[in-house]
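Undergrad: How does the following fold in three dimensions:
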Amino acid sequence: MIPAPEVLTGAADRRSLRSTMMDVPLTTTWILEHALRNHAEREIVSRSDDAGLRRYTVREFGARVAQLAHALVELGVGPGDRVASFGWNTHRHLELYYAVPAIGAVLHTTNIRLFPEQVCAVLQHADDKFVFVDGSLTPAIARAVAVQPQFAARPFIVMGDAAADIPNSLNYEALLAGKPPTFDWSELDERTAAILCYTSATTGDPKGVLFSHRSSVLHAFAAGLTDALGVSQRDVVMPVVPMFHVNAWGIPYLAVMVGAKLVLPGAKLDPQSLIDLISAEGVTISAGVPTVWLAVRDELERRDLLLPTLKQVVIGGSAVPPSLFDGLRERGISPVHAWGMTEMSPIGTVSRAFIGSSKTLRRKLSARSCSSRVSSHRSSPGSCSTTRGMRCAPMGRRAVSFGCGGRRSRRATSATKATTPHSRTVTFTPATFARWTPTATCRSSIARRTS
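TA: As a prediction, the model looks like this:
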């Protein structure tokens with residue numbers, strides 16, 4: 001017998017019906033559970049500090065995530081506590097990505113390339129309860145601690161063999177040893193904070209941005225679409241973009257969710273090491289900044305090599321030089337140009353080219369990048385505009401920085417600038433899609449940059 005539908009009371013006493021569809025909170029724990037049910041035998045490959053490779057399955061990965069969760073709870077980490085990571089793209093860092101948010105705490109992925117004073121400042125500002133640091137990065141964290149010696153009293157967990165002594169430190173593997181391989185995950189509110197990222201300090205001091213479980217899952221769904229990054233279970237994905245740089249553009253959640261094989265390159269990011277790893281593991285999709293791919297292209301040319309499995313590289317962080325665009329395509333590699341911001345989870349636009357490589361096409365490619373994830377609002381509080389291309393204040397009214405007491409950051413308050421007849425005001429929100437035609441000013445600006 002079909003149960004009678006539940007009647008809900010809405011605004012102005014209008015009656016509505018609750019759907020009979022399942023209602024599952026969008027949390028990163030859901031991604032983990034989905035992967036364990038459907039992709040348990042998929043492989044994760046991680047390069048360690050000694051250049052060796054660690055291989056294990058998603059099933060084994062899930063067991064270590066559960067062990068780490070038990071260890072965190074025993075250390076006293078609870079809901080809302082911040083836990084910092086200071087590391088390369090490794091399997092241990094990936095385990096932190098899932099274990100810390102799954103117990104309701106917040107993973108603070110700290111940028112290892114900041115100055116010691118900035119590292120110390122963001123660790124203090126976030127009020128991290130523990131700091132997980134890769135063994136090869138212990139000298140860098142020691143320099144940050146030296147800025148504020150009292151910070152040394154905070155507990156550090158060293159992942160791998162330490163290259164420098166850190167007071168009050170514990171060993172990562174010792175923490176996991178003997179812990180149960182399963183965990184009774186509690187149901188979390190999907191709007192609970194999962195990840196804390198600080199901006200890269202290009203416009204003043206780093207500003208903290210809190211990603212929710214919901215935004216992280218929606219971003220993974222959106223980024224995996226065919227006309228976005230287009231990642232599937234048949235792919236082998238290697239994020240060269242660091243996991244401390246806006247969640248490696250969401251790849252740690254996207255790849256595990258769709259069941260792609262995940263290859264983590266660790267600290268060896270020189271072009272020869274990357275080429276060897278791509279070739280050995282059959283990588284089909286990779287992602288990184290232009291300087292990475294410029295070095296890889298030069299090394300491929302020097303050695304007269306092809307990478308037959310590598311079909312796509314996602315490039316972001318700055319504009320793709322035309323020579324890089326052409327050089328990759330000549331070797332059968334499709335360049336995909338992505339743009340985004342920390343506050344956007346982070347991917348905002350994805351641009352592709354389907355034919356040719358002329359200067360005219362490059363202009364069209366750049367213009368096409370203006371077709372992006374934007375809300376349909378022509379004007380809204382919290383958005384801003386400019387006559388030179390496109391600017392946005394993400395998340396509309398919610399664009400605030402972590403720890404600002406509800407005040408907007410300076411970037412968001414620039415919304416007070418007046419719009420002009422040649423500009424278009426847009427507000428970016430996760431997983432909201434629309435298309436707009438670039439203004440004459442935007443097109444002329446693009447033409448100047450590509451000519």
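Undergrad: you'd agree L94 is up against A255?
TA: No: checked against Cβ atoms under 8 Å, the pair L94 and A255 is beyond contact range at 9.5 Å. C-beta here means a position set from N, CA and C on the backbone, and glycine is covered the same way.
Undergrad: List the residues that are in contact with both of those two.
TA: L262 (Cβ atoms under 8 Å, 6 or more residues apart in numbering).
Undergrad: So those two - more neighbours on which side?
TA: Neighbours around L94 and A255, counted as other Cβ atoms under 10 Å, are more numerous at A255. The numbers are 31 against 24.
Undergrad: Run through who's touching the strand or helix carrying the more buried one.
TA: Using DSSP states H and E, the secondary-structure element containing A255 is helix 251-258. Residues external to helix 251-258 that are found in contact with it (Cβ under 8 Å, 6+ apart): 28, 31-32, 34-35, 39, 58, 94, 97-98, 216-217, 219-221, 223-224, 229, 231-233, 235, 237, 239, 241, 243, 247, 260-262, 287.
Undergrad: how about Q148, what does it touch?
TA: Taking Cβ under 8 Å, 6+ apart as the contact definition, Q148 lies against 120, 124.
Undergrad: tell me the pLDDT at it?
TA: pLDDT, the model's per-residue confidence, is 87 for Q148.
Undergrad: Same check on the one 4 residues further on?
TA: Each residue has a pLDDT score; the one for A152 is 81.
Undergrad: same question, K207
TA: Per-residue confidence for K207 comes out at a pLDDT of 88.
Undergrad: now swap in D165 and tell me
TA: According to the prediction, D165 has pLDDT 88.
Undergrad: Please report the number of neighbouring residues for it.
TA: Residues within reach of D165, counting by other Cβ under 10 Å, total 10.
Undergrad: Reduced to three states, what does it come out as?
TA: Secondary structure for D165, judged by DSSP: H, G, I helix; E, B strand; the rest coil, is coil.
Undergrad: Quick one: residues contacting it.
TA: Shown here is D165, whose contacts under the criterion Cβ under 8 Å, 6+ apart are 138, 142.
Undergrad: gap between it and F156?
TA: Here the criterion is Cβ to Cβ, to the nearest Å. By it, D165 lies 11 Å from F156.
Undergrad: Pull the residues that contact the longest helix seen in the chain.
TA: Of all the segments assigned as helix in the chain under DSSP state H, the longest by residue count is helix 58-74. Taking contacts as Cβ under 8 Å, 6+ apart, the residues outside helix 58-74 that touch it are 32, 35-36, 39-44, 56, 83, 91, 94-96, 98-100, 102-103, 105, 130, 175-176, 179-183, 185, 256, 259.
Undergrad: Could I have the PyMOL command that selects the buried members from the residues you listed?
TA: Listed next is the PyMOL selection for buried residues among the contacts of helix 58-74, using 16 or more other Cβ atoms under 10 Å:
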select buried, resi 32+35+36+39+42+43+44+83+91+94+95+96+98+99+100+102+103+105+130+175+176+179+183+185+256+259
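Undergrad: And for the closest residue to G317 other than its chain neighbours, the neighbour number?
TA: Nearest in space to G317, with sequence neighbours left out and distances taken as Cβ to Cβ, 6 or more residues apart in numbering, is V289 at 3.8 Å. Counted by other Cβ under 10 Å, the residues lying close to V289 total 15.
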